[in-house]
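> what follows is a predicted structure for the sequence shown.
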Amino acid sequence: MDALKLIAGDSIKETTPAFNVGDTIRVDVKIREGERERIQAFEGTVIAKKGSGVAETFTVRRVAYGVGVERVFPLHSPNVAAVKVIRAGKVRRSKLYYLRDRVGKAAKVKELIK
C-alpha cells in the first residue's frame with residue numbers, strides 16, 4: 001500500500017454526516033484562542049462539495065449583515081466538530097455558484113419535502 005494512503009487512512013472519520021448540495025446546515029467548528037478552545041457555529045447553505053477521501057471539502061455560504069460569507073471546510077478535519085442538517089434543499093445541479101449573484105428571496109433554495 002502507498003505510504004500516503006496509509007497516513008490518510010488514519011485521518012478519515014468513521015462516520016460522516018449525510019448532507020447534499022442545497023441543504024442548510026450548521027457546522028460546529030473548534031476555535032482556538034490562546035490556551036482556550038471553544039465551539040462556534042456557522043450556519044448556511046451548502047453550495048459545493050468536491051474531492052474524495054481525506055481531501056473532501058464542502059463550501060458553505062451565508063449572508064451576514066448584508067455581506068456574503070463563504071467558508072470551505074475539510075470534511076475529515078478534527079476542527080469540524082459536528083455537522084447538522086437544518087433543512088434539505090431541492091436543487092438540480094451540483095454547484096450553486098449562481099447564488100453569489102442573487103440577493104434577497106432570489107437567493108433562497110426551495111425546501112425538499114420528503
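Ah, there it is.

> hmm, who's touching stretch 54-64?
8-9, 11-12, 19, 25, 27, 42-51, 68-76, 99-100, 107 (Cβ atoms under 8 Å, 6 or more residues apart in numbering). C-betas here are computed from N, CA, C, even on glycine.

> cool, and stretch 25-36?
Applying Cβ under 8 Å, 6+ apart, the set of residues contacting stretch 25-36 is 17, 19, 37-46, 60, 71, 73, 78-86.

> of these, which belong to strands?
37-46, 60, 71, 73, 80-86 (DSSP state E).

> show the buried residues in these.
42, 44-46, 60, 73, 80, 83 (16 or more other Cβ atoms under 10 Å).

> most widely separated two among these?
Using Cβ to Cβ, these span at most 16.9 Å, a distance reached by T45 and V80.

> confidence score at the closest residue to E37 other than its chain neighbours?
Excluding the flanking residues, the one nearest E37 by Cβ to Cβ, 6 or more residues apart in numbering is K30, at 5.9 Å. Per-residue pLDDT puts K30 at 96.

> buried set for the helix or strand K30 falls within?
If you go by DSSP states H and E, K30 is part of strand 24-33. In terms of neighbour count (16+ other Cβ under 10 Å), strand 24-33 has its buried residues at 24-25, 27, 29.

> who does it pair up with?
strand 36-50 (antiparallel), strand 80-87 (antiparallel) (DSSP bridges).

> how about those in TSV, adding mean pLDDT and distance to L4?
TSV is the format used below for the strands paired with strand 24-33 (pLDDT from 0 to 100; distance: least, Cβ to Cβ, whole Å):
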stretch	mean pLDDT	distance to L4
strand 36-50	96	19
strand 80-87	95	22
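
> show me the one of those strands that comes nearest S94.
With Cβ to Cβ, the closest approach to S94 among these belongs to strand 36-50: 7.4 Å.

> spit out the contact partners of the closest residue to K13 other than its chain neighbours.
Spatial nearest neighbour of K13, chain neighbours left out: H76 (5.2 Å); criterion: Cβ to Cβ, 6+ apart. By Cβ under 8 Å, 6+ apart, H76 lies in contact with 11-13, 16, 54, 56.

> how about A18?
V85.

> got a pLDDT number for it?
As predicted, A18 sits at a pLDDT of 91.
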